[in-house]
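# predicted model and sequence below, questions to follow.
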Amino acid sequence: MALEIVLVKKIFIAAIVLKALVESWLDRRNQNFIFNHRGQVPDRFNKTITLPDHQKAADYSIAKINAGYFFRIVEVFILLVWTLGGGLQSLDTLTSPLASGPVLQGVIFFAVFGIINLLIGLPQSIYSTFVIEEKFGFNKTNPKLFTMDLLKGVLLGGIIGLPILAGLIYILLSLGSSWWIWGWGFLTIVQLIMIWAYPRIIAPLFNKFSPLEEGEVKQTVLKLLERTGFKSNGLYVMDASKRSSHGNAYFTGFGNNKRIVFFDTLINGLTSHEVEAVLAHELGHFKRKHIVKGLIKSLILSFVGFYILNILFFSPWFYAAHGITHLPEGQFSPHLGLILFSMVAGVYTYWLTPFMSWSSRKYEFEADAFAAQYANAGELINALVKMYKDNASTLTPDPLFSAFYHSHPPASVRVEHLKKLQSSGAV
């Protein structure tokens, strides 16, 4: 088994290095492409976006890429410390004496691990919010609000996350070789409950949601909902402006619990017909079953993930090859198996990114087509241009980088698609 351990360890290190090199190469391509096109607004947008706004978007993107280089090195270092460096093993040795049973041991381990990881990731969150977002005029939060959000997140993680982990560990220990099927079913039910609970219970803890006021925007939106046959549990405006000036809209929940939510920054920046077009796009995702399809894909991938986890869970070489060597022969640790798999899996599933991105972009085109059918493609173009400008979204991403990562089509491609829909009479 020693040779097996050495081989898996080498594969793991090689996968980490390859992933980091590809990420850095793609980032460098994107950075250079954006910089080289910084001096001129693309022809398609030169009448609607000024050169200073275009350059601001380029500088904003480049600043985030530069920060990403450093924090990616930190992330790789932390991953190696937790795994091959023996961090997980040391934390397990430290926390195991604090509880007698394996379920409570696992809960304590995950709680301490979560707090440590939160503290490690705090500098990146602070830098992103109070340096980059502040520099480009997007940050509206303050240290007090930032701290309150952080504390609420920790509290929610403890109240919701730890019992879920306890239930998963109990299933793992109690249901024998079929535990992974039951574990998958358990987390599927939890996921559906969270989809129901998020708009009603969780989201209001962080933001204020007010009913959309009477007026032209509401009447226009209601007519759109009537035309599309969409029934919701209400139209709400979220006070996103207290944290950021970025704008967006979305709907959440399912069944009779669906809610349509507009950022107040979006409502304040668009005309009523532009808001209508943006909402028509979001409704397109619902009407074209993108939400259901996404959920099904997620369930399939998690099912496969649980199957692989079940194989690795009872394999001693899996633990030893990733820095956990203190387990007695023939024994396994529920919480170490779960945390190790969750940390290692991302190194390999990274290569699924371009396929997931392609699928998401396909959905975006379909949602745009729906919007052009039930609203006005020209109004959606106007809204998108305003949102590109207000959010400082670069108009010139590197094509290869965009194809690999972006869930939405590049600005020029998306606008071109909408213009074709408009000219074909799909308005």
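On my side now, so go ahead. Numbering: from 1, shown residues only.
# tell me which element Val107 falls in.
Per DSSP states H and E, Val107 falls inside helix 102-127.
# contacts for stretch 143-163 next, please.
107, 110-111, 114-115, 118, 122, 126, 129-130, 141, 194, 202, 205-206, 242-243 (CB atoms under 8 Å, 6 or more residues apart in numbering). (C-beta placed from N, C-alpha, C; glycine too.)
# PyMOL command for the buried members of the residues you listed?
Buried members of the contacts of stretch 143-163, defined by 16 or more other CB atoms under 10 Å, are picked up in PyMOL with:
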select buried, resi 107+110+111+114+129+141+206+243
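# returning to that earlier point: tell me what the helix holding Val107 is packed against?
helix 51-82, helix 87-95, helix 143-156, helix 162-174, helix 334-349 (3 or more CB pairs under 8 Å, 6 or more residues apart in numbering; DSSP states H and E).
# all helices for the stretch 251-400 of the chain, in order.
264-269, 272-287, 290-313, 316-320, 334-349, 353-374, 377-390, 399-405 (DSSP state H, counting those that start in this stretch).
# next one: phi and psi at Val237?
When quoted as degrees, to the nearest 10, the phi and psi of Val237 stand at phi -120, psi 130.
# from what I can see it touches Gly215, true?
No. Using CB atoms under 8 Å, Val237 is not in contact with Gly215; the gap is 11.5 Å.
# near Arg72, how many other residues are there?
Residues lying near Arg72 (other CB atoms under 10 Å) number 15.
# residue contacts, it?
By CB under 8 Å, 6+ apart, the neighbours of Arg72 are Ala20, Glu23, Ser24.
# who does the least confident helix or strand in the chain by mean pLDDT pair up with?
The least trusted helix or strand in the chain, going by mean pLDDT, DSSP states H and E, turns out to be strand 249-252, with a mean of 76. As defined by DSSP bridges, the strand partners of strand 249-252 come to strand 259-263 (antiparallel).
# tell me the angle the partner strand makes with helix 272-287.
Calculated by axes from the mean of the first three to the mean of the last three CA atoms, to 10 degrees, strand 259-263 forms an angle of 140 degrees with helix 272-287.
# run through who's touching strand 259-263.
Outside strand 259-263, the residues that touch it by CB under 8 Å, 6+ apart are 199, 209, 212, 221, 232-238, 240-241, 246-253, 275, 279, 282.
# whichever of these end up buried, select them in PyMOL.
Buried residues among the contacts of strand 259-263 (16+ other CB under 10 Å), as a PyMOL selection:
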select buried, resi 199+212+221+232+233+235+236+237+238+240+241+246+247+248+249+251+252+253+275+279+282
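# wait, doesn't Ala320 sit right on Leu3?
No. Look at Ala320 against Leu3 with CB under 8 Å: they stay out of range, at 11.9 Å.
# okay, these two: which has more neighbours?
The neighbour count for Ala320 versus Leu3, taken as other CB under 10 Å, is higher for Ala320 (19 against 8).
# measure the more buried one to Leu340 for me?
Relative to Leu340, Ala320 is positioned 11 Å away (CB to CB, to the nearest Å).
# helix/strand/coil for Ser210?
strand (DSSP: H, G, I helix; E, B strand; the rest coil).
# quick one: it and Tyr236 touch, right?
Yes. Assessed by CB under 8 Å, Ser210 is found in contact with Tyr236 at 6.5 Å.
# part of a strand, is Thr141?
No. According to three-state DSSP, Thr141 belongs to no strand; its state is coil.
# quick one: low-confidence ranges for the stretch 151-300 of the chain?
253-257 (pLDDT under 70).
# and Gln31, how many neighbours?
Count around Gln31 with other CB under 10 Å applied: 20.
# touching, it and Ile65? I think so.
Yes. Between Gln31 and Ile65 there is a contact under CB under 8 Å: 4.8 Å.
# the contacts of Arg72, buried ones only, as a PyMOL selection?
Buried subset of the contacts of Arg72, written as a PyMOL selection, criterion 16+ other CB under 10 Å:
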select buried, resi 23
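# and of the contacts of Arg72, the nearest to Ile169?
Ala20 (32.0 Å; CB to CB).
# can you pull the contacts of the closest one?
With contact taken as CB under 8 Å, 6+ apart, Ala20 is in contact with Arg72, Val76.
# would you confirm that it belongs to a helix?
Yes. Under three-state DSSP, Ala20 sits within a helix.
# distance of it relative to Asn207?
35 Å.
# and for Met194?
Taken as CB to CB, the span from Met194 to Asn207 is 17 Å.
# contacting residues for the closest residue to Ile116 other than its chain neighbours?
Excluding its sequence neighbours, the residue lying closest to Ile116 (CB to CB, 6 or more residues apart in numbering) is Leu91, at 7.6 Å. Neighbour list for Leu91: Phe109, Val112, Phe113, Ile116 [criterion: CB under 8 Å, 6+ apart].
# need those in TSV (columns: pLDDT, distance to Phe70 and neighbour count).
Output for the contacts of Leu91, formatted as TSV (pLDDT from 0 to 100; distance: CB to CB, whole Å; neighbours: other CB atoms under 10 Å):
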residue	pLDDT	distance to Phe70	neighbour count
Phe109	96	29	26
Val112	96	26	15
Phe113	96	23	18
Ile116	96	20	14
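# between these, which is nearest Ser96?
Phe109 (7.7 Å).
# so the closest one touches Thr93, yeah?
No. Phe109 is not in contact with Thr93 according to CB under 8 Å; the separation is 10.4 Å.
# so for the residue nearest to Ile116, what's the pLDDT?
With respect to pLDDT, Leu91 scores 96.
# how much space between it and Ile11?
Distance of Leu91 to Ile11, given as CB to CB: 24 Å.
# Phe263 too?
Distance from Phe263 to Ile11, by CB to CB: 44 Å.
# who has more neighbours, these two?
Comparing Phe263 with Ile11 by other CB under 10 Å, the one with more neighbours is Phe263, at 21 against 13.
# one step back: need the next SSE after the helix holding Val107, C-terminal direction.
Next element after helix 102-127 (DSSP H and E): helix 133-135.
# using the three-state scheme, assign Ser100.
Reduced to three states with three-state DSSP, the structure at Ser100 is coil.
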